[in-house]
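In: this one's sequence-less:
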């Protein structure tokens, strides 16, 4: 898959990230959850660029690709656009709304890395107006990532990818609670890749009412992240491959870790790595984000990263992944 042929659809947002010194779980009273009303005093606030599509596209661009970002934003996007374009992301096809702000994600993280969050969609509600076909007439698209987005847009992009015979990666993630059985089945069936975390995988099987075997028959490759336990890759034969996580030196903020994994994994697959190696690269990039506040502020020291790959996965993994890392644009601070 040549560099620059991945189109990434999904949310583009501004992240407002806060931290709570304590554990959310200590403040919930089980018998009164129907009258829940809590306020947590946050100790700090940082405002960062985010959104699943933008985060994945940033990682791909940083790893030597020229991804096509497809999402809807407000007229406040100019500075964000300049940032992404400076990191090799093609923003020419981003839809700019005339009357809505760019989406906003507000999230508070406690000492257990548990999170309470809310998401204002804003301009994202117009994302269904974006046409994959129009973009494909200008740039060849070899893979479409259908990430968390306006639910109607997710359905439109998936259906259009099928019609255009473009392979797609299904990544419904945060929007799973919004989907009924038929919508979830439509978004997943026929996917080249299916991404989720462990909780989302359980929710997806419940929503689709498909067993693990039935899901495998409909998806070429399932990749389920397991937080600190790495990830599992399952093919259509049901063969499972477990890949360990790269150990974090310091856990700073989990926001965007899953997006970083996806970007790293797809950069690896696109460069010709087999799925295990691609997942190892994805795990490395995910850990770099985990060690950083913000989803696009991570930096890469290539030599140090290769040493971490060798320590975690061995010399062969280091050698296989090295050419990709040495082509990167995101460098060490």
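Out: In hand now; what should we look at? Note that the coordinates shown come from a computational prediction; the quantities given were computed from them, not determined experimentally.
In: residue 149 and residue 158, how far apart?
Out: When distance is defined by C-beta to C-beta, to the nearest Å, residue 149 is 10 Å away from residue 158. Yep, even glycine has a C-beta here, placed from its N, CA and C like the rest.
In: now do residue 220
Out: Counting by C-beta to C-beta - residue 220 and residue 158 are separated by 15 Å.
In: so between the two, which is more surrounded?
Out: residue 158 (24 against 14; other C-beta atoms under 10 Å).
In: all strands of the stretch 1-150 of the chain, in order?
Out: Applying DSSP state E, counting those that start in this stretch to the stretch 1-150 of the chain gives strands spanning 6-9, 13-19, 44-50, 68-70, 72-73, 95-96, 103-109, 115-120, 143-147.
In: TSV for the ones you listed, including distance to residue 177?
Out: Compiled in TSV, these are given as follows (distance: least, C-beta to C-beta, whole Å):
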stretch	distance to residue 177
strand 6-9	19
strand 13-19	18
strand 44-50	20
strand 68-70	23
strand 72-73	21
strand 95-96	25
strand 103-109	16
strand 115-120	12
strand 143-147	16
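In: any weak-confidence spans in the chain?
Out: Within the chain, the stretches with pLDDT under 70 are 1-4, 32, 329-333.
In: hang on, the earlier thing: and residue 175, which of the strands of the stretch 1-150 of the chain is closest to it?
Out: For the strands of the stretch 1-150 of the chain, proximity to residue 175 was assessed by C-beta to C-beta; strand 143-147 is nearest, at 8.9 Å.
In: after that closest one, which helix or strand is next?
Out: As assigned by DSSP states H and E, the chain's next helix or strand after strand 143-147 is helix 151-163.
In: helix or strand next in line after that next one, which one?
Out: Using DSSP H and E, the helix or strand that follows helix 151-163 in sequence is strand 168-171.
In: pull up the pairing partners for that following strand, direction included.
Out: Sheet pairing of strand 168-171 (DSSP bridges) gives strand 143-147 (parallel), strand 193-197 (parallel).
In: okay, these, which one's buried deepest?
Out: strand 143-147 (a mean of 27; mean count of other C-beta atoms under 10 Å).
In: run through who's touching it.
Out: Residues outside strand 143-147 that contact it (C-beta atoms under 8 Å, 6 or more residues apart in numbering): 1, 5-11, 52-53, 56, 132, 154, 157-158, 161, 166-173, 187, 192, 262, 266, 270.
In: I'd like the distance from stretch 33-41 to the chain centre, please.
Out: How far stretch 33-41 lies from its chain's middle: 29 Å, per C-alpha atoms, centre = their mean, to the nearest Å.
In: now do the end-to-end distance for it.
Out: 20 Å (C-alpha to C-alpha, to the nearest Å).
In: same question for stretch 37-56.
Out: 34 Å.
In: what of stretch 167-176?
Out: Terminal residues of stretch 167-176 lie 21 Å apart, using C-alpha to C-alpha.
In: ok and the biggest helix by length in the chain relative to strand 193-197, angle-wise?
Out: If you go by DSSP state H, the chain has its longest helix at helix 275-290. If you take axes from the mean of the first three to the mean of the last three C-alpha atoms, to 10 degrees, helix 275-290 sits at 40 degrees to strand 193-197.
In: distance from helix 275-290 to the middle of the chain?
Out: Its chain's C-alpha centre and that of helix 275-290 lie 12 Å apart, by C-alpha atoms, centre = their mean.
In: packing partners for that helix?
Out: Where contact means 3 or more C-beta pairs under 8 Å, 6 or more residues apart in numbering; DSSP states H and E, helix 275-290 is packed against strand 221-225, strand 231-235, strand 240-243, helix 257-270, helix 302-313, helix 315-325.
In: next, format the ones you listed as TSV and append mean neighbour count and distance to residue 75.
Out: Below are those laid out as TSV (neighbours: other C-beta atoms under 10 Å; distance: least, C-beta to C-beta, whole Å):
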stretch	mean neighbour count	distance to residue 75
strand 221-225	23	35
strand 231-235	19	38
strand 240-243	16	42
helix 257-270	28	25
helix 302-313	17	38
helix 315-325	17	36
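In: now the longest helix of the chain: buried residues?
Out: Under the neighbour-count criterion of 16 or more other C-beta atoms under 10 Å, helix 275-290 has 275, 277-290 buried.
In: quick one: residue 167 and residue 141 touch, right?
Out: No - with contacts counted by C-beta atoms under 8 Å, residue 167 stays clear of residue 141, the gap being 9.3 Å.
In: those two: which has the busier surroundings?
Out: Ranked by neighbour count (other C-beta under 10 Å), residue 167 and residue 141 place residue 141 first, with 21 against 16.
In: circling back: just flag the most distant two among the buried residues of helix 275-290.
Out: Taking C-beta to C-beta, the two most distant members of these are 275 and 290; they sit 21.7 Å apart.
In: ramachandran coordinates for residue 298?
Out: phi -70, psi 150 (degrees, to the nearest 10).
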